[in-house]
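S.K.: fold the following.
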Amino acid sequence: MSIFRSYFEKNNTIVYNSEVNTAKNPVAELFYGNNNGEFFSRFIFKIDLTELETKISSGELKIDSTTKHTLKLKNTSFFDRDELGKFFGGKLRATSFDLYCYEINEFWDEGIGYDYIDNSLLYQDDYSYSEEPSNWFSATTLSTWTVPGTFSGSPTPIATQHFDNGNEDLNLDITDYINGILLSGNTNNGLVIAFGPDYETQASSLDKSYFVGFFTKYTQTFFEPFLETKFSYDIFDDRNKFLANKTNRLYFYTQLFNQPKNIDNLDNVIVQIKNSCGDVINTIYGTTGITNPTIGVYYIETNVQTNEYMVQYSDLWSGITIDGIAWPETELNFTILPPTNGYQLGDSPFKPEQYAFNIYGLSQNETINTKDVRKVFVEAKKKFNRNIPMVLDEIYYRIHIRQGNNEIEIIPYTKLYRDSYNNFFILDTQWFLPGIYHISIMHKSANEIRYNKDILKFVKVNEDIN
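M.R.: Here you go, the predicted model:
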């Protein structure tokens, strides 16, 4: 699995029938009810998909039926559970409500406002209040919204979420909307989050006002809102553990000066599986049988039915052209293992294996910059027998930061890739915010799960390299 985050290009909170602009506020306050004549607000934003589009167009990341795009906003009440149900600034923290997400169909500017209230008469140098667009009525200085507030009535939402206690984070699956932009060329004008139509409709008749807050792109915390995209890209190479009579994966890699490079036309590629006598026992053709999960990486799935074990077979790749240059046939080898390989039988449970782990490709306490993408290797050696590194199946990594006493998970425990000789993962720090990150390793053996916390720490700094 691969994860990529896209952050907001712009955002703003607009208030019903008001010209106020609060774009630069670190908190988006959504409310409904009678708040001194203001009845409800909406949060508008646009996700910057530029880097995600670049990675997809290059072939580094690929969208398929398993790809998922999730919008994530952190609730400002998440850490204040004792404050639920209390009044703040004349408004009550909302519980038991629904938020809706709609598409915006026209261009808009963010604006420079901060506060809802104009304090310039009390504080001469206070410029935090602004009525410049965008606001409820205007999208830009020269254009009003086609419909004030971006929409009216009850249009079809892209996604909805119910909130029970009111302190839950916003997590919306907007996969179809994002894929429409990435794959179909739909225009990305942004989205709007609002209370469901029934809440907005009854707002003016209420004698109280209810609110929920989310951190915006201008928060000074780590809780900046983002779009999380999960891809099913993985590498689990069976070349060194190829089992007879079972489906196995064989990988093939193409590079130019140690940089991954794709084959020009996969339709022309043929892979022949040969037995120990050199006879062709299976033929796999192009895009119907060869998968290209990421740039420069290809694999086939094949099942060799045989009773001969510990013999060498081969896979012959032909028809390869890169940058218009035709390459000769490439033959790789693999050894057939018995289908019982790895099974253990006996009169007592087997003891779990214990490992010591070493991470390389990234140094302890290393400072890395905005553009870094690292291939990070995790070497496992059996305890008390550290001369033999092992390539494991059930090994996972996790990345988190600490903020106060809280651990904030950036990447959950995710299975490490496995090629013929190594376990590794790709660390793409392009979407990491500045901070101190910790890597932990978890492995499973004989029903035992062992966690190796904070094996390595690294620092991300916001230093662009041109």
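S.K.: quick one, strands of the stretch 351-466 of the chain?
M.R.: According to DSSP state E, counting those that start in this stretch, the stretch 351-466 of the chain carries its strands in the segments 355-360, 366-368, 373-382, 385-390, 395-403, 406-415, 417-418, 423-428, 435-445, 448-460.
S.K.: mind telling me which of those strands the model trusts least?
M.R.: Sorting the strands of the stretch 351-466 of the chain by mean pLDDT places strand 385-390 lowest, at a mean of 76.
S.K.: each with direction, which strands does that strand pair with?
M.R.: Looking at strand 385-390 with DSSP bridges, its partner strands are strand 373-382 (antiparallel).
S.K.: what about the closest residue to W108 other than its chain neighbours, how many residues nearby?
M.R.: Among residues not flanking W108 along the chain, A139 sits closest, at 3.9 Å (C-beta to C-beta, 6 or more residues apart in numbering). Every C-beta, even on glycine, is put in place using the N, C-alpha and C of the backbone. Counted with other C-beta atoms under 10 Å, residues neighbouring A139 total 20.
S.K.: the chain should start at 575 in everything you say after this.
M.R.: All set: I'll call the first residue 575, so the last point we hit is now A713.
S.K.: so A713 versus Y883, what's the distance?
M.R.: Going from A713 to Y883 by C-beta to C-beta, to the nearest Å gives 70 Å.
S.K.: what of T988?
M.R.: Distance of T988 to Y883, computed by C-beta to C-beta: 33 Å.
S.K.: mind checking which of these two has more residues around it?
M.R.: T988 (17 against 14).
S.K.: how about residues contacting stretch 972-991?
M.R.: Contact with stretch 972-991 is made by 575, 577, 653, 795-796, 808-810, 952, 966, 968-971, 997-1000, 1006, 1009-1016, as judged by C-beta atoms under 8 Å, 6 or more residues apart in numbering.
S.K.: thinking again about what came up before, including distance to Y859, could the strands of the stretch 925-1040 of the chain go into CSV?
M.R.: Shown next, in CSV, are those (distance: least, C-beta to C-beta, whole Å):
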stretch, distance to Y859
strand 929-934, 39
strand 940-942, 42
strand 947-956, 31
strand 959-964, 36
strand 969-977, 34
strand 980-989, 30
strand 991-992, 26
strand 997-1002, 29
strand 1009-1019, 37
strand 1022-1034, 42
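S.K.: for stretch 773-787, measure first residue to last.
M.R.: Start-to-end span of stretch 773-787 (C-alpha to C-alpha, to the nearest Å) is 16 Å.
S.K.: repeat that for stretch 828-840.
M.R.: 12 Å.
S.K.: what's next to it, contact-wise?
M.R.: 633, 827, 843, 860-861, 864, 866, 868-872, 894-898.
S.K.: inside strands: which ones of those?
M.R.: With DSSP state E as the criterion, strands contain Y827, I864, N866, T868, V871, Y872, T895, I896 from among these.
S.K.: from those, which would you call buried?
M.R.: Buried by 16 or more other C-beta atoms under 10 Å: I864, N866, T868, V871, Y872, out of these.
S.K.: surely the second one touches D638?
M.R.: No: under the criterion of C-beta atoms under 8 Å, N866 makes no contact with D638, lying 11.2 Å away.
S.K.: mutual contacts of the two, please.
M.R.: Shared contacts of N866 and D638, defined by C-beta under 8 Å, 6+ apart, are absent.
S.K.: selection in PyMOL covering whichever of the contacts of stretch 972-991 are buried, please.
M.R.: The following PyMOL line selects those of those that are buried, judged by 16+ other C-beta under 10 Å:
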select buried, resi 577+796+808+809+952+966+969+970+971+997+998+999+1006+1009+1011+1012+1013+1014+1015+1016
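S.K.: helix or strand next in line after the helix or strand harbouring the residue nearest to W682, which one?
M.R.: Assigned by DSSP states H and E, A713 falls within strand 712-714. With elements assigned by DSSP H and E, the helix or strand that comes after strand 712-714 is strand 717-718.
S.K.: list the neighbouring strands of that next one plus their orientation.
M.R.: Partners of strand 717-718 in the sheet, by DSSP bridges, are strand 712-714 (antiparallel).
S.K.: list the contacts of the partner strand.
M.R.: Applying C-beta under 8 Å, 6+ apart, the contact partners of strand 712-714 are E593, E680, F681, W682, D683, P707, S708, T718, W719.
S.K.: list only buried entries from the residues you listed.
M.R.: Burial by neighbour count, 16+ other C-beta under 10 Å: within those this picks out E593, W682, D683, P707, S708, W719.
S.K.: what are the boundaries of the strands in the stretch 625-774 of the chain?
M.R.: 642-647, 661-662, 665-667, 671-677, 712-714, 717-718, 733-737, 744-747, 765-769.
S.K.: same for the first one, what does it pack against?
M.R.: Looking back up the chat, that one is strand 642-647. Contacts defined by 3 or more C-beta pairs under 8 Å, 6 or more residues apart in numbering; DSSP states H and E place strand 642-647 against strand 744-747, helix 749-758, strand 800-805.
S.K.: parallel or antiparallel, which strands does that strand pair with?
M.R.: Strand 642-647 has the following sheet partners, assigned by DSSP bridges: strand 744-747 (antiparallel), strand 800-805 (antiparallel).
S.K.: tell me the angle the last one makes with strand 980-989.
M.R.: Between strand 800-805 and strand 980-989, the angle comes out at 20 degrees (axes from the mean of the first three to the mean of the last three C-alpha atoms, to 10 degrees).
S.K.: show me what counts as buried in strand 800-805.
M.R.: Residues F800, L801, T803, K804, F805 are the ones in strand 800-805 that count as buried (16+ other C-beta under 10 Å).
S.K.: centre of the chain to it, how far?
M.R.: Between the centre of strand 800-805 and the centre of its chain there are 3 Å (C-alpha atoms, centre = their mean, to the nearest Å).
S.K.: what's in contact with stretch 720-737?
M.R.: Residues outside stretch 720-737 that contact it (C-beta under 8 Å, 6+ apart): 588, 590-591, 616, 618, 645, 668-680, 710-711, 742, 744-748, 750-751, 765-766, 770-771, 786.
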